[in-house]
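A.B. asks: A predicted structure for the sequence below; I have some questions about it.
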Amino acid sequence: MKKIIPIIIILAFVLGACAPAAKPTTAPEPAATTAPQATEAPAAATEAPAAGGAIDGKGMLVGLSMDSLESAFWIANEKAIKEQAEKNNVKLVEVIAEGDANKQNQQIENLIAQGVKAIIIAPKDGSAIEAAVQKAKDAGIPVIMDNRPVQGDILPDLQVLSDNKTMANQALQWFVDKAKADGKTYKALLLIGALSDQNALERKAGHLEVLDANKDVIEVVAQVPSEWKQDVALAGIQNAFQANPDIDLIITPSDFLLPPIQSALEQIGRWKKIGEEGHVALVTFDGDENGMSALKNGYSWVNAAQAADGTGYLVVDWAVKLANGIKPDAVNMLDPGIIATIDNCATVCPTIWGWAGAK
Amino acid sequence: MLFPDKKVVGMEMEVQENKVLSSIMHFVIGNPILTLIILLFAGACLFVPKFLTPFNLQNFVLQAIDIAIVAMGVTFVVLNGGIDFSCTAVMSLGSVMCAYFMAKSPLAGTPFGIPAGILAALVVGLLIGAWNGFSIVVLKMPSFIATLASMMVGIGFAVYFVSIVSETAAINRLPREFFIVGGDQGRIIIPILITLVVAGVTHWLLTSTIFGRRLYATGTNPRTSFISGVPVKKTIFMIMVISGLLAGIEAVYATARNQSGLPSLGEKVFIDIIAAIIIGGTSIFGGSGGIKQTIYGVVFITLMNNVVNLMGVDWTIIGLLKGVLVLVAAFIDVVSRRLELMRNW
């Protein structure tokens, strides 16, 4: 027995190492181009982005350090980065940290060693990335954060971010106003992303702000941390419904968590459209094809959509600009997002990146 | 004879060439991983631009140390035919505790902050190691179950602890002086010295002490060792404590390297640790191998990671390569063991 265990362990790790990162079942085919825009938010850059255009990078080498490619948002974002790099005549060197903050720092060291002219980073952990950002700055290489900010004192040259708190706030506020108008009250399950992700924290803060101010409309009966893992979310949702079968609203910080939501609701016969008996209302975030499908088919009420493709175009453009010595007006460039609802979907949804893949 | 016969000279040269060839073959067969390292290094020098730059060589050394110390500790456990999953939890919890004492505790900002943080990480390692030893020796649990449980508890507690003491998922704003432990500002001599001391002491323990001989004996056949009077339980307990302590030292280094206390520090590193040990040549069945082999494995894994990154190889290929190498190394281990058994039989 003692001799068999090591072999089993080794085989398990070999299989683990060989397995590529999980990808969503359907790849997004974003048709519309959405881009972050200049906002009046504090420290926001004022330049309007020229998403989708081309700036000649003259074959310059640019590093791209991604956390992982497990959600449709990041796949669409990475695709847009690659497209724009090709348009801009930029040679991309891509590394993927597979959800390992330590490994991401090592990979960025290797990018610096390769002499890249700029580094685009989608960090696994906003705190842990600080050391790598410092090293790049020490080497004189501009750094652009892609959708996730640095949580610390050492800032990159540019952070292209979504205005997560405001977007989460606006989407849920729209739902609360609708509930008030209809004279309805809800018992809610609040899903939370990974606490190592500043975006997840801001979305949570945006949701809680509305929830705290409207306790008479929405009572939060369960909060489920997902760690940005679908299996963790599924187990958490199932447990929450076991304890509180009267939940009739799920607030999720990402469309990435819609498959486990759908799975959990189908298992208890609650995956119902708006107006049907047993319907559980959904307030979602991202604008990927799952989110757009849920809105299109009447399962979700509102979606705060980010610009997965626009952010991707913008970070490449700015990598070239920064490498050429052009500085942004401010470190943070914020995407105000699009609030797509059941009321405005006909006009707004086709402009969202995940709409083309919606079934 | 004033002038040597040309035929004789030719034959002598041929004999000389054969000797050189045979000694090269002997070296390659005797040291497959070292041969691979030499070939890979030479190839990288010749064909990978920027490989030989001082910045990259410094990267290479620091990245090797990222797993070297903890891998040396786990080598003790593997030599005994066991496994230590909990080294990853020691790294995570050790890193968090180390950062907590330096940045969040009442000692933060005082001259005691840094020593307290370092001590905390080492104590975490010792305690988890001792608990593993107790579980295996007294509670009779297999090492793989005992350390798996410790890993889950340790990582879970690290995440929970950070959620209590910090608003973010990591603890940063550590004192800058501490970063020299991680080789900050080009002072890589400090982590190199720490690693050399650990390597020297562990190698000495395995090769020149009674404890080392007992460990190899226990790893080869625990029952026979017990009958022969080897204190098997004490040896296993010590092995687990050493593994925990070295993971604690690695946690200190990694915290300084990342300049923050990361509860996720050890989550993904185990595959590289175990790959380094197995590819280096330490037997997964226990009883053969050592620190030298683990260092070879660490150098090889780090070199491979570094080179493929510099070459811009697709990231999916890297994991695939590592997996295949571990499989090949484990296969060679199994086959060579069977051949040896057949020879003895």
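C.D. replies: Happy to help now that I have it.

A.B. asks: center of chain A, which residue is that?
C.D. replies: residue A:73 (5.6 Å; Cα atoms, centre = their mean).

A.B. asks: Tell me who's in contact with that residue.
C.D. replies: A:254, A:255, A:256, A:286, A:288, A:306, A:308 (Cβ atoms under 8 Å, 6 or more residues apart in numbering or on different chains). Where C-beta positions appear, they are placed from N, C-alpha and C, glycine not excepted.

A.B. asks: Name the nearest residue to it, ignoring sequence neighbours.
C.D. replies: Nearest residue to residue A:73 in three dimensions, chain neighbours excluded: residue A:308, at 4.9 Å (Cβ to Cβ, 6 or more residues apart in numbering or on different chains).

A.B. asks: Quick check: that neighbour touching residue A:355?
C.D. replies: No: with contact defined as Cβ atoms under 8 Å, residue A:308 does not count as touching residue A:355 (11.8 Å).

A.B. asks: Now list whatever residues contact both of those two.
C.D. replies: Common neighbours of residue A:308 and residue A:355, counting by Cβ under 8 Å, 6+ apart, are residue A:287.

A.B. asks: Let me know the closest of the contacts of residue A:73 to residue B:280.
C.D. replies: Using Cβ to Cβ, residue A:256 comes nearest to residue B:280 of the contacts of residue A:73, at 39.0 Å.

A.B. asks: For the residue in the stretch 201-350 of chain A positioned nearest to chain B, give its distance to residue A:221.
C.D. replies: Residue nearest to chain B within the stretch 201-350 of chain A (Cβ to the nearest Cβ): residue A:201, separated by 7.5 Å. Going from residue A:201 to residue A:221 by Cβ to Cβ, to the nearest Å gives 22 Å.

A.B. asks: More neighbours: which of those two?
C.D. replies: residue A:201 (22 against 16; other Cβ atoms under 10 Å in any protein chain shown).

A.B. asks: any idea what sits nearest that one, other than its immediate chain neighbours?
C.D. replies: residue A:195 (6.7 Å).

A.B. asks: which residues of the stretch 151-300 of chain A score low on pLDDT?
C.D. replies: A:196 (pLDDT under 70).

A.B. asks: So is the helix or strand where residue A:133 lies next to chain B?
C.D. replies: Per DSSP states H and E, residue A:133 falls inside helix A:130-138. Yes: Helix A:130-138 lies within reach of chain B by Cβ under 8 Å from any Cβ of the partner chain, at A:130, A:131, A:134.

A.B. asks: Can I get those in JSON lines including pLDDT and distance to residue B:324?
C.D. replies: Conversion of those to JSON lines gives the following (pLDDT from 0 to 100; distance: Cβ to Cβ, whole Å):
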{"residue": "A:130", "pLDDT": "90", "distance to residue B:324": "35"}
{"residue": "A:131", "pLDDT": "90", "distance to residue B:324": "32"}
{"residue": "A:134", "pLDDT": "92", "distance to residue B:324": "36"}
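
A.B. asks: what's around residue 290, how many residues?
C.D. replies: With no chain named, the answer covers chain A. Using other Cβ under 10 Å: residue A:290 sits among 30 other residues.

A.B. asks: should've been chain B
C.D. replies: 20.

A.B. asks: from memory it sits against residue B:207, does it?
C.D. replies: Yes: counting by Cβ under 8 Å, residue B:290 touches residue B:207, with 7.1 Å between them.

A.B. asks: what about the stretch 201-345 of chain B, any weak spots by pLDDT?
C.D. replies: Residues of the stretch 201-345 of chain B that meet the criterion pLDDT under 70 lie in B:315-316, B:333, B:337, B:344-345.

A.B. asks: just to revisit the earlier point, what helix or strand is the residue nearest to the centre of chain A located in?
C.D. replies: Going by DSSP H and E, residue A:73 is part of helix A:72-87.

A.B. asks: Name the next helix or strand downstream of the longest helix belonging to chain A, please.
C.D. replies: If you go by DSSP state H, chain A has its longest helix at helix A:164-182. Proceeding N to C from helix A:164-182, the next assigned helix or strand is strand A:186-192, under DSSP H and E.

A.B. asks: residue contacts, residue A:288?
C.D. replies: A:28, A:71, A:72, A:73, A:76, A:255, A:256, A:308, A:353, A:354, A:357.

A.B. asks: Give me the pLDDT for the second one.
C.D. replies: We note a pLDDT of 83 for residue A:71 in this prediction.

A.B. asks: these two touch, right, it and residue A:254?
C.D. replies: Yes: between residue A:71 and residue A:254 a contact is recorded at 6.9 Å, counting by Cβ under 8 Å.

A.B. asks: overlap in contacts of the two?
C.D. replies: Joint contacts of residue A:71 and residue A:254 (Cβ under 8 Å, 6+ apart) are A:228, A:286.

A.B. asks: what residues does the stretch 1-150 of chain B put near chain A?
C.D. replies: B:49-50, B:53, B:55-56, B:59, B:62-63, B:66, B:78, B:81, B:83, B:142, B:144.

A.B. asks: picking up where we left off before, secondary structure element for the residue of the stretch 201-350 of chain A closest to chain B?
C.D. replies: helix A:198-213.

A.B. asks: cool, and residue B:307?
C.D. replies: helix B:291-311.

A.B. asks: Would you mind writing the CA trace of that helix as PDB?
C.D. replies: Provided in PDB are the C-alpha atoms of helix B:291-311 (Å, rounded to 0.1, in the frame of the first residue of the first chain):
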ATOM      1  CA  ILE B 291      19.900  17.100  -1.100                       C
ATOM      2  CA  LYS B 292      22.300  17.200  -4.100                       C
ATOM      3  CA  GLN B 293      19.700  15.600  -6.300                       C
ATOM      4  CA  THR B 294      17.000  18.000  -5.100                       C
ATOM      5  CA  ILE B 295      19.300  20.900  -5.900                       C
ATOM      6  CA  TYR B 296      19.800  19.500  -9.400                       C
ATOM      7  CA  GLY B 297      16.000  19.200  -9.800                       C
ATOM      8  CA  VAL B 298      15.400  22.800  -8.500                       C
ATOM      9  CA  VAL B 299      18.000  24.100 -10.900                       C
ATOM     10  CA  PHE B 300      16.500  22.200 -13.800                       C
ATOM     11  CA  ILE B 301      12.900  23.200 -13.100                       C
ATOM     12  CA  THR B 302      13.900  26.900 -12.700                       C
ATOM     13  CA  LEU B 303      16.100  26.900 -15.700                       C
ATOM     14  CA  MET B 304      13.300  25.400 -17.800                       C
ATOM     15  CA  ASN B 305      10.700  27.900 -16.500                       C
ATOM     16  CA  ASN B 306      13.100  30.800 -17.200                       C
ATOM     17  CA  VAL B 307      14.200  29.600 -20.600                       C
ATOM     18  CA  VAL B 308      10.700  28.900 -21.900                       C
ATOM     19  CA  ASN B 309       9.400  32.200 -20.600                       C
ATOM     20  CA  LEU B 310      12.300  34.100 -22.300                       C
ATOM     21  CA  MET B 311      11.600  32.200 -25.500                       C
END
